[in-house]
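Peer 1: Predicted coordinates and the sequence they were generated for:
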Amino acid sequence: MNQTNPLSEWTEDLSVNVDIIDDDHQAFFRLAALLNDVASTSDDDQTYLIETAINILEEYIEGHFLREQKAMAKADYAYLAEHIAAHDAFADQVTSTIQDYRKSGEIERIHTLSHLVVDWLCIHIRGMDAQYKGILTNENVDDRPLVYMAAGLDTELAL
């Protein structure tokens with residue numbers, strides 16, 4: 001894939017009818033667009049911007065998958081193991097693409113990464129995530145910021 005191929009964008013048909021999960025999914029689309037944008041600039045800070053966006057993407061993958069998987073476990077979702085395997089395979093693809101970029105320094109790898117994220121999400125949401133519609137709801141999915149979930153905190157920190 002290359003930078004001339006436009007990225008897919010979030011559309012309502014990708015909604016799983018759970019506000020916080022839809023918000024997370026939309027954030028992935030924004031992160032992919034950010035990666036694509038910074039890879040297309042000739043800014044002196046390009047490497048720093050790319051690394052920052054990569055770090056955010058990695059953390060978001062971990063946090064969002066944790067949110068979904070905890071909700072599925074709580075709901076005793078029948079296809080949890082398959083869903084976890086799909087999440088793990090995607091995380092491995094992302095990690096591999098990032099490692100390729102870091103070894104080669106080829107900006108094209110970042111464009112590939114951004115397309116990987118949106119293309120995988122579109123397929124995954126329409127296929128696997130669509131299966132939990134009606135099982136996961138706004139009421140039974142933890143809507144706290146991902147950092148609280150990742151830290152294993154039962155309540156939000158006082159700011």
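Peer 2: Here it is on my side, so go on.
Peer 1: mind listing what's buried in the longest helix belonging to the chain?
Peer 2: Longest helix in the chain, counting residues (DSSP state H): helix 46-74. Going by neighbour count (16 or more other CB atoms under 10 Å), the buried part of helix 46-74 is 49-50, 53-54, 57, 60-61, 63-68, 71-72. Bear in mind the C-beta positions are built from the backbone N, C-alpha and C, glycine included.
Peer 1: which stretches of this structure form helices?
Peer 2: Under DSSP H, the chain gives helices at 19-39, 46-74, 80-104, 108-127, 146-150.
Peer 1: which of these has the lowest average pLDDT?
Peer 2: If the helices of the chain are sorted by mean pLDDT, helix 146-150 sits at the bottom with a mean of 74.
Peer 1: What is that helix packed up against?
Peer 2: Here helix 146-150 is seen to pack against helix 46-74 when contacts are counted using 3 or more CB pairs under 8 Å, 6 or more residues apart in numbering; DSSP states H and E.
Peer 1: coming back round to it: can I get the helices of the chain in a markdown table including distance to residue 10?
Peer 2: Listed next are these as a markdown table, based on distance: least, CB to CB, whole Å:
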| stretch | distance to residue 10 |
| --- | --- |
| helix 19-39 | 5 |
| helix 46-74 | 14 |
| helix 80-104 | 17 |
| helix 108-127 | 9 |
| helix 146-150 | 18 |
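Peer 1: Tell me which of the ones you listed sits nearest to residue 11.
Peer 2: Set against residue 11 and scored by CB to CB, those come closest in helix 108-127, at 8.9 Å.
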